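Colleague: From the sequence below, what's the structure:
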Amino acid sequence: MNFLSQLLTNSANIMRMNLQMLQKNTHQQEKDPQPSAEINVLQQNLLQNLILAQQLKSVQTPQQQQMALTNKSKKISKRVNECGHSDKEHYAKGMCNNCYHKFGRNKKPWICGHEKLYAQGLCQNCYINKYNQKRRTNEKIEEKEEEPDN
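Modeller: This next block holds a predicted model:
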């Protein structure tokens with residue numbers, strides 16, 4: 001922004017110089033009817049500086065560009081969250097993702113006797129135990145198959 005202010009002050013100085021030259025020129029035009037080439041050069045300089053200043057004003061900083069991208073990339077939700085998090089995207093049952101996983105899942109597992117259903121009729125703890133037990137038995141079977149017979 002410092003560069004922009006310097007550019008604007010320079011263009012203001014050029015305008016002052018242009019005005020002074022125009023005043024001198026009016027006196028010279030009475031003597032010589034042809035316009036001075038210096039005035040044209042100053043006017044072109046002034047115009048280029050003003051165009052450059054307008055372009056610099058419209059240039060966005062990387063932070064502004066990133067904010068614009070994140071605002072555009074968010075999914076437009078058709079439903080409003082009833083959980084109170086209106087800034088977050090709708091996930092299920094009128095709630096955002098966090099609230100749904102905390103409060104929205106209310107089924108109980110039918111295989112184990114715990115509180116919250118996770119998958120395959122089990123709570124998360126029992127599901128992970130069953131998964132690991134299955135993986136260990138599969139590894140033992142694979143090890144036995146790989147051992148050569150003596």
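
Colleague: Using CSV, list the CA coordinates for stretch 116-132.
Modeller: Provided in CSV are the C-alpha atoms of stretch 116-132 (Å, rounded to 0.1, in the frame of the first residue of the first chain):
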residue,chain,number,x,y,z
LYS,A,116,-23.9,-46.8,21.3
LEU,A,117,-24.1,-48.7,18.0
TYR,A,118,-20.9,-48.5,15.9
ALA,A,119,-21.0,-51.2,13.2
GLN,A,120,-22.2,-54.7,12.6
GLY,A,121,-24.4,-54.7,15.8
LEU,A,122,-21.4,-53.8,18.1
CYS,A,123,-20.2,-50.8,20.0
GLN,A,124,-16.9,-49.3,18.8
ASN,A,125,-14.8,-51.0,21.5
CYS,A,126,-16.2,-54.5,20.8
TYR,A,127,-16.0,-54.0,17.0
ILE,A,128,-12.3,-53.1,17.3
ASN,A,129,-11.6,-56.1,19.5
LYS,A,130,-13.4,-58.4,17.1
TYR,A,131,-11.6,-56.9,14.1
ASN,A,132,-8.1,-57.3,15.8
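
Colleague: so where's the protein shaky on pLDDT?
Modeller: Low-confidence segments of the chain (pLDDT under 70): 1-4, 7-8, 25-39, 56-77, 148-150.

Colleague: mind redoing it with 80?
Modeller: 1-79, 147-150 (pLDDT under 80).

Colleague: What strand or helix carries residue 10?
Modeller: Using DSSP states H and E, the element containing residue 10 is helix 2-31.
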